[in-house]
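Novice: Below are the sequence and a predicted model for it; my questions follow.
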Amino acid sequence: MDASEIDDEIKKLQKERKTAKASLVGSVSYDTDLYESEDKYAGYVTELKDEDEEESEIARPKLRSFTAPTEILKEIQDRDDDVDPMADMRPSRKIADREDEYHARRFNRIISPERVDAFSENNNTDNARSYSDVMKEAELEREQQRIMKSIAEKKKKAETSGTTISAEIPQPEVVKKPAKKRRWDMTSTDESIKTEKKSEWDEEVRPSSKPKSRWDETPKPEETPRKRSRWDDTGSTPVSTSSAWDATPKISSAIAETPKRRSRWDETPVNVSGSQFAATPVGNMGLVTPTPNQLAQPMTPMTPEAMNAMRWEKEIDYRNRPLSDEELDSMLPTTGYKILEPPANYAPIRTPARKLTATPTPMGAGGFMMMEENSQMYDIPPEIPGVGNLSFFKPEDMQHFGKLLDVKDDNSLSVDELKERKIMRLLLKIKNGTPPMRKAALRQITDKARDFGAGPLFNLILPLLMSPTLEDQERHLLVKVIDRILYKLDDLVRPYVHKILVVIEPLLIDEDYYARVEGREIISNLSKAAGLATMISTMRPDIDHVDEYVRNTTARAFSVVASALGIPVLLPFLKAVCRSKKSWQACHTGIKIVQQIAILMGCAVLPHLKNLVDAIAHGLEDEQQKVRTITALALAALAEAAAPYGIESFDGILKPLWKGIEKHRGKGLAAFLKACGFIIPLMDAEAANYYTNHLMDTLIREFQSPDEEMKKIVLKVVKQCAATDGVTPEYIKTRILPDFFKHFWVRRMALDRRNYKQLVETTVELANKVGVSEILLRIVEDLKDESEPYRKMVMETIDKIVSMLGSSDIDDRLEEVLIDGILYAFQEQTIEDIVMLNGFGTVVNSLGLRVQPYLPQICSTILWRLNNKSAKVRQQAADLISRIAIVMKTCGEEKLMGHLGVVLYEYLGEEYPEVLGSILGALKAIVNVVGMSSMTPPIKDLLPRLTPILKNRHEKVQENCIDLVGRIADRGAEYVSPREWMRICFELIDLLKTHKKGIRRAAVNTFGYIAKAIGPQDVLATLLNNLKVQERQNRVCTTVAIAIVAETCSPFTVLPALMNEYRVPELNVQNGVLKSLSFLFEYIGEMGKDYIYAITPLLEDALMDRDLVHRQTACSTVKHAALGVYGLGCEDALIHLLNYIWPNIFEQSPHVINAVMEAIEGLRIGLGPAKILQYVLQGLFHPARKVREIYWKIFNNLYIGSQDNLIPYYPRIEDDERNHYHRYDLDLVI
């Protein structure tokens, strides 16, 4: 077969495939007007197949259409299009979303009514509750809890025994009377009258004919329910039971509810009628009086998606509403249109009775309904009247600020309503406003706090803090509002203390540290404002509250009160509570208060330690297990706070403590062990040794405890005992170490972060006692363990031990195994963590010269990892070079370092900025230790490669690159041409405006090095041109750079050009020159005495300028100049400048007045306080109050700074008949 025949055969096969494909495509019905019928791939070979496959493909049956399975289509149809698939991945900003079940209990507490202020003279007790009322309510709540608990226990017992509760609880006999027929009842049978009311637990479970599924249709009335509910209807008679509330008959349930298919648009199911134009309904719906339950049914919490849909629906309804005549007049033009009159025979239905008899709409729903004004509450307004433009406004805010949308005339509102609306506006600005709006509103609500009153303020603020949709930022702002108004309200806050505590106490157990600090600050200020008596009477009922959450937060709040008002004033109350016989909960809470006081106040408990220990000591032998446990934990906290003092205060509890260790197991034993572990370090060496020996058997037994909490406590106790002087290294080696390493140094300990950390700390403490080698010998082999978290834990332990104790205790064999294990662990890591890098660097630097035999192997590992495809691996290799460069220099490996320098130089084209930053850091380390002359590659080749890298915007790259350039400019400027340095100067100017302060500081310092290398003239010209730019941050950094150049190259090289530049009539340039002078005099200090007379005329002009910034910057320059020339005889120039500064003391701008005050303070040092006093005395008793305020402010600063120096300069006061004012010692002159 020749070539032409082969081509013909190929074309024939292609034609057959094309025909088969066309037939397949033709069987599919496409819209040819939308899609092209021709194949755009015609003429192309898309695949090569065997002939058998082609024949089988042609023989397939033709399909008429392609579709997905029905269930898949139904699922897609039912799915909501608005679902965001990434919503679950974003962290929620709502506080409630991240709270666990325990923290969410704060929503169970209610904001109680205000209480009686026992210290108020005009005490209004109409609505306020007294202390006795609160105690009665607490007692009632405890009794209710006890009864509910008893019922639950009996129910559980009945379920296990197979009997009913009613059989066990005797019921009183009741004489049954025939029920009187009521006027509204339907005809009832004798059976319905005889029906007696049963308990909800007496209902029997009736088996259903078939099991029901959650996906079944709505049950029909004739179906038998699977289990009776207490809400079910009883029988067929409408009157089910005789109750006090069922006088009004219920709606007949004869009509079965139409099963409604779930719509794809509704997240929250809503009962909607089947059709708007269906048949007239039956069932006498309109004749039944609606019950309260019916009215309350639609009030279902809505999801955000449903709220959005509702908002859009209301928006559309609002736009399609019937327009009034006024709205039509405003919309349509007045000319060209005529208003038609309604027909004369048209009579609209106005009689209510005729309206009721109109054709009913299906199921009482549908049809047109006139929207009420308040139905548009959920629309989001762009601007709220009286508030202005807010940053945002959430739908949840309508619950609290909805009244602001109801626009009413102020004259029609009462004083209380006006006050409420004013507070609402301010709170809305604080919560949702812009920062300037928020700042002004916060100041306003603080200033007017007493005018508004405590009640209106807290009644609006506290519900906001209890909102389930509250976010962190909103909570922070509202807590700040409470903090500010507490100062103003002072004792007016007393009736609302419990309200505030209900809201603020949950902050004390928040996961966020700053939230806990805010909570402590609020409660501290509250206790100072309300007083101890009010705080105790308010929180006393919560001490033995039935809910443990309330008792916990109350204990923490009491500890804050103790820190604010002092422990001594609270001690009598604490002793009484801790010895409470009425309930163990009160005793438990009192002891917990002592524990929290110790945790919060630390060593401040020392003066009261004996009293606190005595108050809780009896709890070690209490009959309640929880009381004994919290007592031991409180003693541990007290001992930890008092360390290393106060052992004599614990003498009385040592015996019961040791007895408790022998009797307890589990959590109780853990608490007792913790107390012993913190008390033993307080003892002297002999006693510590004695008690450690007695304690060690129990500790070693608990080494193998599976309880994680017990493990942490045992590790802590071992660490504490090992640190005492009485425990010898030999004792630790023989008694503790074997079992310690056997039970704790296992892989599982590395998986829990808290156990991991505690184990590392304990091992380091043991190494501190027994030496480095004793510990390393036991764990060094684990550097090759197959578990990476375990290797990481071993490396971190070695790092801390070697960095603290050194490596002199390590012998040659251990050294070899250690280096081998570290190299293995470093190479095998898959999780790029700094732990391995730190450990490697610490060990190598500690070994010093001893690491020389291993350096070739280490360097080969580094070079191999620099070629790795993973960016993290390359970054760690470069970081390791910077860690060990000093050791390589110590070992004399300059040749090896030169090779590394060349390799790093070749990698300066790295594309990953993190890796490039590490490479630059490694080059910097090599340049530091090798020196400029011996550096390979040469500096003249290295620096031009660094210049383009300065344009990189990554902070790590910028910082390391500038540091390297500055190091070269400082030590090897002569190796680079001046033109290259000028090019670098232009690049550095852009770096002066970076956000990171470290980069700006490095760039400014580098300007100084470059100016020193090539002279200040060219660098100064570049910097002075930069003063003309508009960006403020760039100009400020330029002025700093000019001052650095002046300090480096002497001020006389810079000042002439700087003063000449001030003549440029441009505001930015002149301000820049003044700021440069300010920094210059700050840096040069005493050298300023040679230049202060030269710049005095320039400062005169600036201090008289109309521009505020000119005067402000000139005052700053005078301050630094005056401080620099103190005691150097330049008082005449300073007095001259003071005369120009003094008229500015009445400036209103806060920045200017601060600068003026600082300048006067500087002149006080330079001239002495007497000169300033002479200026001040003229206005202290001025008739104008504003003048006196300024002068007294200056005098107060003068008095604070130079009180003793002012005495000789006070005016003489003549003696009178009774007093002798003359001081002869002040007349003595040497």
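Specialist: The structure has been received and is ready for your questions.
Novice: Settle this for me: Val627 is touching Trp584, isn't it.
Specialist: Yes - if you go by C-beta atoms under 8 Å, Val627 and Trp584 touch, sitting 5.7 Å apart. For the C-beta atoms, the positions are set from N, CA and C on the backbone; glycine is no exception.
Novice: So these two - more neighbours on which side?
Specialist: Val627 (23 against 17; other C-beta atoms under 10 Å).
Novice: lowest average confidence, helix or strand, in this structure?
Specialist: helix 190-194 (a mean of 40; mean pLDDT, DSSP states H and E).
Novice: What's the mean pLDDT across the longest helix along the chain?
Specialist: Using DSSP state H, we find that the single longest helix of the chain is helix 131-161. Per-residue pLDDT values over helix 131-161 give a mean of 78.
Novice: which residues touch Leu855?
Specialist: Shown in contact with Leu855 (C-beta atoms under 8 Å, 6 or more residues apart in numbering): 887-888, 891, 893, 896.
Novice: What strand or helix carries it?
Specialist: Here Leu855 sits within helix 855-866, counting by DSSP states H and E.
Novice: Can you tell me what sits against stretch 1093-1103?
Specialist: So stretch 1093-1103 is in contact with 1055, 1059, 1062, 1070, 1074, 1077, 1110-1111, 1113-1115, 1117-1118, 1121, 1130, 1133, 1136-1137, 1140-1141, 1144, going by C-beta under 8 Å, 6+ apart.
Novice: how about Ile1194, what does it touch?
Specialist: With C-beta under 8 Å, 6+ apart, Ile1194 has these contacts: 1145, 1157, 1160, 1172, 1176.
Novice: Just the ones of those residues in helices?
Specialist: Reading helices off those with DSSP H, I get 1157, 1160, 1172, 1176.
Novice: correct me, but the last one touches Asn1196?
Specialist: No - taking contact to mean C-beta under 8 Å, the distance of 10.0 Å between Val1176 and Asn1196 leaves them out of contact.
Novice: Please work out the average pLDDT along stretch 1132-1140.
Specialist: 94.
Novice: And stretch 912-924, by the same measure?
Specialist: 94.
Novice: ok, now stretch 574-593?
Specialist: Stretch 574-593 comes out with an average pLDDT of 91.
Novice: Relative to Met148, how far out is the most centrally placed residue in the chain?
Specialist: The centroid of the chain falls nearest to Asp512 when counting by C-alpha atoms, centre = their mean (5.8 Å). In this view, Asp512 and Met148 are 35 Å apart by C-beta to C-beta, to the nearest Å.
Novice: so which helix or strand takes in Gln1112?
Specialist: Using DSSP H and E, Gln1112 falls in helix 1108-1124.
Novice: ok now that helix, how far from the chain's centre?
Specialist: 41 Å (C-alpha atoms, centre = their mean, to the nearest Å).
Novice: Also stretch 507-522?
Specialist: Centroid separation for stretch 507-522 versus its chain: 11 Å, with C-alpha atoms, centre = their mean.
Novice: Please apply the same query to stretch 1178-1186.
Specialist: The answer for stretch 1178-1186 is 50 Å, by C-alpha atoms, centre = their mean.
Novice: Output it as CSV, restricted to C-alpha atoms.
Specialist: Taking C-alpha atoms only, stretch 1178-1186 is exported to CSV below (Å, rounded to 0.1, in the frame of the first residue of the first chain):
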residue,chain,number,x,y,z
GLN,A,1178,1.4,89.1,86.4
GLY,A,1179,-1.6,87.1,85.4
LEU,A,1180,-2.4,84.9,88.4
PHE,A,1181,-5.0,87.3,89.8
HIS,A,1182,-6.2,88.8,86.5
PRO,A,1183,-9.9,89.8,86.6
ALA,A,1184,-10.7,87.6,83.5
ARG,A,1185,-11.3,84.0,84.4
LYS,A,1186,-9.9,82.5,81.2
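Novice: Mind splitting this protein into its structural domains?
Specialist: Per the record, the chain has its domains at 1-82, 100-118+377-494, by automatic domain parsing.
Novice: Which one of these has the poorest average confidence?
Specialist: domain 1-82 (a mean of 60).
Novice: So between Val1176 and Asn1196, which is more surrounded?
Specialist: Set Val1176 next to Asn1196 and count neighbours by other C-beta under 10 Å: Val1176 wins out with 23 against 11.
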